[in-house]
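> Next comes the sequence, and after it the predicted model I'd like to discuss.
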Amino acid sequence: MTAEIDKCTLPVIAIDGPSGSGKGTLSSLLAQRLGWNLLDSGALYRIVALMAARAGLIFNQDSTMEEALAIAKLTASLSIRFLGQKVFVNSLEVTDEIRREDVSIGASIVATFSPVRKEILGLQRAMQDSPGLIADGRDMGTVVFPNAELKVFLDASAKARADRRYKQLKNKGLDVKLPDLLASIKERDERDRGRSESPLIPADDAVVIDSTGLTVEQVLEQVCLEGKSRGLF
Ligand code: C5P
C-alpha cells in the first residue's frame, strides 16, 4: 500500500497579477526550470466563457443569479485536461480558441459570478500535485492557495502590458490595433480589480514586482532568489 500524499503539504508558488504583466510566461518558465506542475487558472475561466457561449447561454455584466447558476452548472459538467501546452474540453482541443479577444472579455465577465468561482475553486486545488505547483492567476495567493510558500504579485503599466500583447498577437500574424488592446486591458483591469468576489489585489504577504522596465529573465531571477531564500528549492 502506498502512503497517501497530503496535498496541503506540497509547495505552491502563487503568481498573481493583471493581464499582460508577464505572469503567464514567468509561470511556465518557472515550472520548466523547477520541474513543477503548472496551473493556468485564467484558462479555466476562458474555457467556461467559450463553452457557455457555445451552449448558447446568455451572460453579460448585468446577468441575473439564475444565469450565473446555469453557467456554474455547465462548469461542473466540463471535463478539462491540460496536456503540455494543449488544452482539451470534453476531448475537443480549444488551445487557440480560448485565446481569442472575445473569449478574454467573456472570461472576465464569468469570473465575476460567484457560483462559477466556487466550481473553479475545486478544480484549481485538485491541481496541487507533487513535487510542487506554480499557480498563475488573480486570486492564487489571496483565495485559492492562501498558505502558498511564496506569493508574487507581478504588475506593469497598462501601456507596457498592451504593447506586449500587441507584439505577441502581431507575431502570430493577427490583425490587431494597439488602442483597441489598451482599451480591452483597461476594461478587464477595472472588472478584475473592482469585483466583490476575489478582486485582483496583492496578498498581504506577496512580493510585489513591477515588470515594466524588466525582462522576463530578470523577473525570473528575482523570483528564484525569493524561492531559494525560503528554502523552496
Ligand atoms: O489570465 P487570463 O487573462 O487568461 O485570465 C482571463 C480572465 O479570467 C481574467 O481577465 C480574469 O477576469 C479571470 N481570472 C480570474 N481569476 C483567476 C484567473 C483569471 O478572475 N485566478
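Arrived safely.

> shaky segments in this protein?
By pLDDT under 70, the low-scoring segments of the chain are 1-8.

> Show me the strands in it, by range?
Taking DSSP state E as the criterion, the chain carries its strands at 12-16, 37-40, 80-83, 86-89, 92-93, 133-137, 150-155, 207-210.

> Ok, which of these comes nearest residue 49?
With C-beta to C-beta, the closest approach to residue 49 among those belongs to strand 86-89: 11.6 Å. Bear in mind the C-beta positions are built from the backbone N, C-alpha and C, glycine included.

> and the closest one, anywhere near the ligand?
No - applying C-beta under 6 Å from any ligand atom, one finds strand 86-89 out of contact with the ligand, separated by at least 11.1 Å.

> Could I have the CA atoms of that strand written out in PDB?
The C-alpha coordinates for strand 86-89 follow below in PDB (Å, rounded to 0.1, in the frame of the first residue of the first chain):
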ATOM      1  CA  LYS A  86      -2.600  22.000 -25.200                       C
ATOM      2  CA  VAL A  87      -6.000  22.400 -23.600                       C
ATOM      3  CA  PHE A  88      -8.900  20.000 -24.100                       C
ATOM      4  CA  VAL A  89     -12.500  20.200 -23.000                       C
END
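
> tell me, how many neighbours does the spatially closest residue to residue 191 that is not a sequence neighbour end up with?
Counting by C-beta to C-beta, 6 or more residues apart in numbering, residue 191 lies nearest to residue 108, which is 4.9 Å off, once chain neighbours are set aside. A count of nearby residues for residue 108, using other C-beta atoms under 10 Å, gives 24.

> Bridged to residue 88, which residues?
Assessed by DSSP bridges, residue 88 has beta-bridge partners residue 81, residue 93.

> what's the neighbour count on residue 43?
Other residues within reach of residue 43, judged by other C-beta under 10 Å, total 20.

> just checking, what packs against the lengthiest helix in the chain?
Longest helix of the chain, by residue count under DSSP state H: helix 178-194. Where contact means 3 or more C-beta pairs under 8 Å, 6 or more residues apart in numbering; DSSP states H and E, helix 178-194 is packed against helix 101-110, helix 158-171.

> to the chain's geometric centre, what's the distance from it?
Distance, stretch centre to chain centre, for helix 178-194: 16 Å (C-alpha atoms, centre = their mean, to the nearest Å).

> how much does it deviate in direction from helix 101-110?
20 degrees (axes from the mean of the first three to the mean of the last three C-alpha atoms, to 10 degrees).

> hmm, who's touching helix 178-194?
With C-beta atoms under 8 Å, 6 or more residues apart in numbering as the test, helix 178-194 has contacts from 18-20, 61, 101, 104-105, 108-109, 111-112, 138, 158-159, 161-163, 165-166, 169, 199-201.

> Restricted to buried residues, select these in PyMOL.
Under the burial definition 16 or more other C-beta atoms under 10 Å, those of these that qualify are selected in PyMOL by:
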select buried, resi 18+19+20+104+108+109+111+112+138+158+161+162+163+165+166+200
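
> contacts with the ligand among the contacts of helix 178-194, please.
By C-beta under 6 Å from any ligand atom, the members of those lying near the ligand are 19, 104, 108, 111, 138.

> would you turn the strands of the chain into JSON lines with mean neighbour count?
Converted to JSON lines, the strands of the chain look like this (neighbours: other C-beta atoms under 10 Å):
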{"stretch": "strand 12-16", "mean neighbour count": "29"}
{"stretch": "strand 37-40", "mean neighbour count": "22"}
{"stretch": "strand 80-83", "mean neighbour count": "13"}
{"stretch": "strand 86-89", "mean neighbour count": "16"}
{"stretch": "strand 92-93", "mean neighbour count": "11"}
{"stretch": "strand 133-137", "mean neighbour count": "28"}
{"stretch": "strand 150-155", "mean neighbour count": "24"}
{"stretch": "strand 207-210", "mean neighbour count": "17"}
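
> Perfect, I'm done here.
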